[in-house]
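K.L.:
how would this look folded up:
(one chain, ligands or ions: 1)
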Amino acid sequence: MKKSPIDSKIAGQRNEKMILTMLRNHGRLSQSQLCKLAGIGSSTASTIVARLRDKGFVTETRGTSSNRGPKPTIIELNPKCRCLFGIEINPSYLFIGLFNFTGELRDKIRIALGADHSVQHVIDLMTVNIPGLLTRNSIDPTEVLGLGVAISGSVLSDGWISLSSPMGWKNVSLKEKLGEFFDFPVFVYSNRVRLLAEIALKPKLESKNILYLNNADGVGSTVYMQGKLIFGATGRYGETGHIVVDPDGPVCGCGNRGCLEALISGPAIAAKIQQDLDNNEEARCFAPHFENTGALRPPEEIVTQLEKSAQEGNSYAIALRDQITNHFGGVAAALINCYDPDIVILAGYVSNALYDHLSDEIRNRIKTSVYESNLRKIEVIPADAGKDALITGVANAVLQDAVVFR
Ligand SMILES: [Zn+2]
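P.N.:
Numbering: from 1, shown residues only. Below you'll find the model as predicted:
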């Protein structure tokens, strides 16, 4: 069947993305290495590389040759051809990263949100700080490839945020609102793009089937199978945090009762401890975290204190930690049964603080609750990309999505 012009355009964009991703992962490559990796012929490669060169995305130089043959053409990304923004929104702060075209972080700024979590406040902070970062780095707005924002919750494929429980946002057209201020393309993602930062850090993960479990202000999962992130039919994929594990449990931001997120996320743990302060002697060691303004201090500090108190033998902390571990382990085993990963990555500040217990629990559950576990080899590892993981993951998603616009 003959290809239509639209088919050819899509195929061309896909090829350009593929070559850019390879160059990002491998650094510089000769044209023959590129052909081998991509499984394409040299004339196809030349055409794609010429298009990318015309857009300013790659440079070509002559390499050296050990024999008398022609010198190879070396292709590499042009790091300064464009810049882009990777942004994280969470209840504690707005984190804006400015990246170059190779995905390297050039500058960043973290702004505390305070008590005002409104959409307008977050947009106001962005519209002041993004131009500020460009000025500080002497970058003209025309050089910006795109801007990506990630938030915990359900984000549909058109950038519509249907629910972000941690932010208390429902039905927010963030992409549209930001599009009114900025001339460059805007993308909105759920924070599952964080996994792309792990892959950028460890390219060997690219060939693995990964289950990525995040527990921080929200709880969610990401699945990376056969070389790509899975998004589902409506963008609501991976809402692990809204699996009901205790129908009599606390009310969740989604309206249901006893969701995993309402029991084991950072804010849920902090709220539970605050509730128990007056009626549990052992919980009183947490009181300083709730003093002064009466407002919750960042849940991350409280979760860190939970692990410290449990290690010191505090019976309340040990019981609460066991409860969290138990809920998390049960859901993790169910997801492993569903998705058959060979690697499970535990991410987020709650997973980080309680890593030894959570990872041991998952290994135990694999033995007791996972189908034919004796025939599988499933590795459980911590996320490594650190505090910059989400903005780096967003930047990598923008690098894949925005190149088709230019
Ligand atoms: Zn829920």
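K.L.:
got the CA coordinates for stretch 214-223 in PDB?
P.N.:
Presented in PDB, the C-alpha positions along stretch 214-223 are these (Å, rounded to 0.1, in the frame of the first residue of the first chain):
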ATOM      1  CA  ASN A 214       6.700   6.400  43.700                       C
ATOM      2  CA  ASN A 215       5.600   7.400  47.200                       C
ATOM      3  CA  ALA A 216       6.000  11.000  48.200                       C
ATOM      4  CA  ASP A 217       3.200  13.600  48.300                       C
ATOM      5  CA  GLY A 218       1.200  11.300  46.200                       C
ATOM      6  CA  VAL A 219       1.400   7.600  45.400                       C
ATOM      7  CA  GLY A 220       1.600   6.300  41.800                       C
ATOM      8  CA  SER A 221       3.200   3.800  39.600                       C
ATOM      9  CA  THR A 222       4.800   3.900  36.200                       C
ATOM     10  CA  VAL A 223       5.400   1.000  33.900                       C
END
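K.L.:
quick one: buried residues of it?
P.N.:
Buried positions in stretch 214-223, judged by neighbour count with 16 or more other CB atoms under 10 Å: Asn214, Asn215, Ala216, Asp217, Gly218, Val219, Gly220, Ser221, Thr222, Val223. Where you see a C-beta, it was placed from the backbone N, CA and C, and this is true even at glycine.
K.L.:
show me what contacts the third one?
P.N.:
When you say that, I think you mean Ala216. The contact partners of Ala216, taken as CB atoms under 8 Å, 6 or more residues apart in numbering, are Asn90, Ser152, Ser265, Gly266, Glu300, Ala347, Gly348, Tyr349, Val350, Ser351.
K.L.:
Which residue in those has the weakest pLDDT?
P.N.:
Here the lowest pLDDT out of the contacts of Ala216 sits on Ser152, with 85.
K.L.:
how about Pro79, phi and psi?
P.N.:
Note on Pro79: backbone dihedrals following degrees, to the nearest 10 are phi -60, psi -30.
K.L.:
Provide a list of residues in contact with it.
P.N.:
Here Pro79 is in contact with Asn100, Phe101, Thr102, Glu104 (CB under 8 Å, 6+ apart).
K.L.:
Which ones among the buried residues of stretch 214-223 lie within helices?
P.N.:
Taking DSSP state H, every one of the buried residues of stretch 214-223 sits outside helices.
K.L.:
Which ones among these map onto strands?
P.N.:
If you go by DSSP state E, these have Asn214, Asn215, Val219, Gly220, Ser221, Thr222, Val223 in strands.
K.L.:
hang on, isn't the third one packed against Gly241?
P.N.:
Think Val219. Yes - between Val219 and Gly241 a contact is recorded at 3.3 Å, counting by CB atoms under 8 Å.
K.L.:
Now do the shared contacts for those two.
P.N.:
Joint contacts of Val219 and Gly241 (CB under 8 Å, 6+ apart) are Leu260, Glu261, Ser265.
K.L.:
Of those, which is the nearest to Gly235?
P.N.:
Within these, distances to Gly235 taken as CB to CB reach their minimum at Glu261, with 17.7 Å.
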